[in-house]
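> Okay, structure incoming, though there's no sequence with it:
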């Protein structure tokens, strides 16, 4: 439904349900998606084609469409509704993910906000996450389409919880132009301001999804520098975030850097055994591919924190990338042995 309706580049609303993915549901599921959109259009008194729809949850079950219809009729529109929306779209998330910024474009005050849901199977490119961004800025459609794609590549496409994927993902940005600014495009003198705001919002939301991974207790940030090219930097950083042995070490607070080396070797990036350096926080644990003389207890103290940063310098060229992930705990197993009950 969304792919069809987004071809025009125009939309006014989105309706979202959680708990049911409306996936692998055939013609009935497609009809129900259109009906959901009709419910919202009727409530808002807008054209059906101006409504997008999203679903998230268990695969293979038909939507309780009549129940959804009743629920939509009971919605009360409110300026504070964004908070309730962020909570309503959650599935295995333990907390809502939301953020809003206010900044100046020319002589006008502009707002940009966003909410996401996602706590597992967010790999390799989005997958099983939903994101809705709204702004009152006036923006050139072609320019923001390119900026959004680029920002997704560096944020949502750089997070992982378990290295797995599933069926439903969405990232939509709505811009209504009510701020009254001159439309932002590549030539606009303040284009960089909006770009930076968009990156801040999406980076925050990406990190919060990784932080709230199923069963997670720690956020992992992996920065790889000195790579041959951006592709290799992405490969290396993402491989570390999805390496189960390292995720388990992270859960246990064990600075077993050999697990990081294993992930690097398996990543497919260009790697020289006598060049790479690895840091856990500020503690250098390898130098030129061999064990550094480091304070083990200091490294353990870093691993005990609720945010752990890993830096890898491949010492080949200048390309770099940052990825985010989390630890792998018994809580992840508990969550995924009981999901459909």
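Sure thing, it's come through. Just so we're clear, the structure is a prediction, and the values are computed from it rather than from any experiment.
> Okay, domains of this structure per the record?
Following automatic domain parsing, one gets these domains for the chain: 1-77, 79-214, 219-337.
> Dump the ones you listed to a markdown table, plus mean pLDDT and mean neighbour count.
From N, CA and C alone the C-beta is placed, and that goes for glycine too. Output for these, formatted as a markdown table (pLDDT from 0 to 100; neighbours: other CB atoms under 10 Å):
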| stretch | mean pLDDT | mean neighbour count |
| --- | --- | --- |
| domain 1-77 | 96 | 16 |
| domain 79-214 | 96 | 19 |
| domain 219-337 | 97 | 18 |
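> Which helix runs longest in this protein?
Ranked by number of residues, the top helix in the chain under DSSP state H is helix 191-211.
> could you check the angle helix 191-211 makes with the helix or strand following that helix?
Using DSSP states H and E, the helix or strand that follows helix 191-211 in sequence is strand 219-227. With axes from the mean of the first three to the mean of the last three CA atoms, to 10 degrees applied, the angle from strand 219-227 to helix 191-211 works out at 120 degrees.
> other SSEs contacting strand 219-227?
Counting contacts by 3 or more CB pairs under 8 Å, 6 or more residues apart in numbering; DSSP states H and E, strand 219-227 packs against helix 191-211, helix 230-241, strand 307-313, strand 319-326.
> need these in TSV with distance to residue 65, can you?
Shown next, in TSV, are the helices and strands packed on strand 219-227 (distance: least, CB to CB, whole Å):
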stretch	distance to residue 65
helix 191-211	29
helix 230-241	38
strand 307-313	42
strand 319-326	35
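> Packing partners of the longest helix of the chain?
strand 97-105, strand 108-117, strand 130-135, helix 141-154, strand 219-227, strand 319-326.
> any chance of the ones you listed in CSV, plus distance to residue 38?
Output for the helices and strands packed on helix 191-211, formatted as CSV (distance: least, CB to CB, whole Å):
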stretch, distance to residue 38
strand 97-105, 28
strand 108-117, 24
strand 130-135, 20
helix 141-154, 26
strand 219-227, 40
strand 319-326, 38
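> Of those, which is nearest residue 185?
Across the helices and strands packed on helix 191-211, residue 185 has its closest neighbour in helix 141-154 (4.5 Å, CB to CB).
> Taking strand 319-326 as reference, get the angle to the closest one.
Compare the direction of helix 141-154 with that of strand 319-326 by the same axes, to 10 degrees and you get 70 degrees.
> And for the helix or strand just after helix 141-154, what's in contact with it?
Next helix or strand after helix 141-154 toward the C-terminus (DSSP H and E): strand 170-175. The contact list for strand 170-175 (CB atoms under 8 Å, 6 or more residues apart in numbering) reads 2, 6, 11-12, 14, 52, 54, 126, 130-139, 144, 148, 152, 156.
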